[in-house]
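**Student:** what's the 3D shape of this:
(one chain, ligands or ions: 2)
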Amino acid sequence: MIVRSVSLGSFRNYAALELEPSPGLNLIVGRNAQGKSNLLEAIAMLGTGKSFRTAREAEVVQRGQSLAFVSGVADLARGRIALSCRVALTGGIARKTYAVNGAPVRYAKFLGSIKVVTFVPADLHLVSGAPSLRRAMLNATLSQERATYYADLARYTKHAAQKSAYLRTAPQPDRQLLGTYNALLADLAARLLLVRGRYVTQLAQAAAAVHRRWLPGGALLGLAYRPSPAVDLPDEATLRTQIHAALEEAMPRELARRQCLVGPHRDDVELTLGGQPLAQYGSQGQQRTAVLALKAAEYAVVRERTGEAPVLLLDDVLSELDGQRQEAFLGSVEGYEQAFVTATALPGLQIGSAHYVVEGARLSRIR
Ligand SMILES: Nc1ncnc2c1ncn2[C@@H]1O[C@H](COP(=O)(O)OP(=O)(O)OP(=O)(O)O)[C@@H](O)[C@H]1O
Ligand SMILES: [Mg+2]
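**Tutor:** Ligands and ions are numbered 1, 2, ... in the order given. Down below sits the predicted model:
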């Protein structure tokens, strides 16, 4: 898919911007704090309806303003689409509204029309960082891909938060009420685990293949889904029963600790190299190469599953790699139709369809 135009209004440091990006690779170079990440954040929002940098989306509204928007037109396999996302501030509270082809839609309808795969510096901690980073990686892809996953995840998160608040605050939590929560959570968790499990299996194959191509004869990169509770992934009904049993079994511990201890909010994905956990044993270089393989794999799998080449957004990550890795990475993201790559300087990179310089939220095309 190709984004043909992007307009921003009062979005972070951009008072207004009109951009007609090129197909292929758009390289955006600028000194620190000029608006590179802000632009990628806005383009990603056209795909995900959310900021990849902050959960407090009031922050995207330009300081002193009360309404930010990003809108754009993209060509998809099924035709042209116009999208817009507005963030309105009232009394410091942000409210987002969405439109597709000029008509207001709900978030679940907006999400995922444009598929984006992002790669930001924080992703370089994917191997050794907190499990939440790896869950966020799964959620970002799967929510864009299917509305049912997003809906299940939103409901799961809401009910798990309610249960957790209840465990924390009730003087004498009622076991029967907890049982009701557990039945509801088991139902949603079973669906989430199945979808995540299938996706990780596909991702594992693709990541191992990319890694093998880069380092022929090297140790095998492995990726294993570690669901909570630790179960195999049979059919949905059996899984629901197993999760429910695990939740009931955890109840005394949950009551003692006053928190939710079991469920997909505790899932993880483990990366191994030659069978050894990379987080504990991998060198910096091995971890970094694994992350690159994972990102290239994510791109390949989304492309295969949706039949649409996602827009690739690389914020400031290439400059952290040496020249050989830069080219290896770009070369391995096969068949991308459009990419946006930011950097403070990329003297080594001669490829690219369009080069821009950004200075104080103004973009000038230099090539
Ligand atoms: N809501 C906002 N209103 C106005 N300016 C903002 C807002 N949010 C962020 N900024 C400013 O936008 C500027 C550009 O930020 P951005 O993160 O895009 O920089 P960058 O070009 O990616 O820099 P770096 O190379 O350091 O990553 C920064 O000075 C930042 O403080
Ligand atoms: Mg930046």
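**Student:** give me the element residue 225 is part of.
**Tutor:** strand 221-226 (DSSP states H and E).
**Student:** quick one, strands of the stretch 201-350 of the chain?
**Tutor:** Counting by DSSP state E, counting those that start in this stretch, the stretch 201-350 of the chain has strands at residues 221-226, 268-273, 276-277, 311-315, 338-343.
**Student:** the regular element (helix or strand) spanning residue 45 versus strand 311-315: what angle between them?
**Tutor:** Element membership of residue 45, judged by DSSP H and E, is helix 36-48. For helix 36-48 against strand 311-315, the angle by axes from the mean of the first three to the mean of the last three C-alpha atoms, to 10 degrees is 150 degrees.
**Student:** offset the numbering so it begins at 336, please.
**Tutor:** All right, first residue 336 from here; so that's helix 371-383.
**Student:** paired strands for whatever helix or strand comes next after helix 371-383, with orientation please.
**Tutor:** Per DSSP H and E, the first helix or strand lying C-terminal to helix 371-383 is strand 402-411. Sheet partners assigned to strand 402-411 using DSSP bridges are listed as strand 337-346 (antiparallel), strand 414-425 (antiparallel).
**Student:** next SSE downstream of the last one?
**Tutor:** When you say that, I think you mean strand 414-425. Downstream of strand 414-425 (by DSSP H and E), the next one is strand 428-435.
**Student:** among the strands paired with strand 402-411, which is the most enclosed?
**Tutor:** Among these, ranked by average contacts under mean count of other C-beta atoms under 10 Å, first place goes to strand 337-346 (a mean of 20). Yep, even glycine has a C-beta here, placed from its N, CA and C like the rest.
**Student:** just to revisit the earlier point, out of the strands paired with strand 402-411, nearest to ligand 2?
**Tutor:** Each of these has some distance to ligand 2 by C-beta to the ion; the shortest is strand 337-346, at 14.6 Å.
**Student:** now look at the closest one and say if it contacts ligand 1.
**Tutor:** No: applying C-beta under 6 Å from any ligand atom, one finds strand 337-346 out of contact with ligand 1, separated by at least 8.0 Å.
**Student:** centre of the chain versus that strand, how much separation?
**Tutor:** Its chain's average C-alpha position is 20 Å from that of strand 337-346, according to C-alpha atoms, centre = their mean, to the nearest Å.
**Student:** who touches that strand?
**Tutor:** Residues outside strand 337-346 that contact it (C-beta atoms under 8 Å, 6 or more residues apart in numbering): 349-356, 358, 373-374, 377-378, 381, 395-397, 400, 402-410, 415, 449, 646, 672-673.
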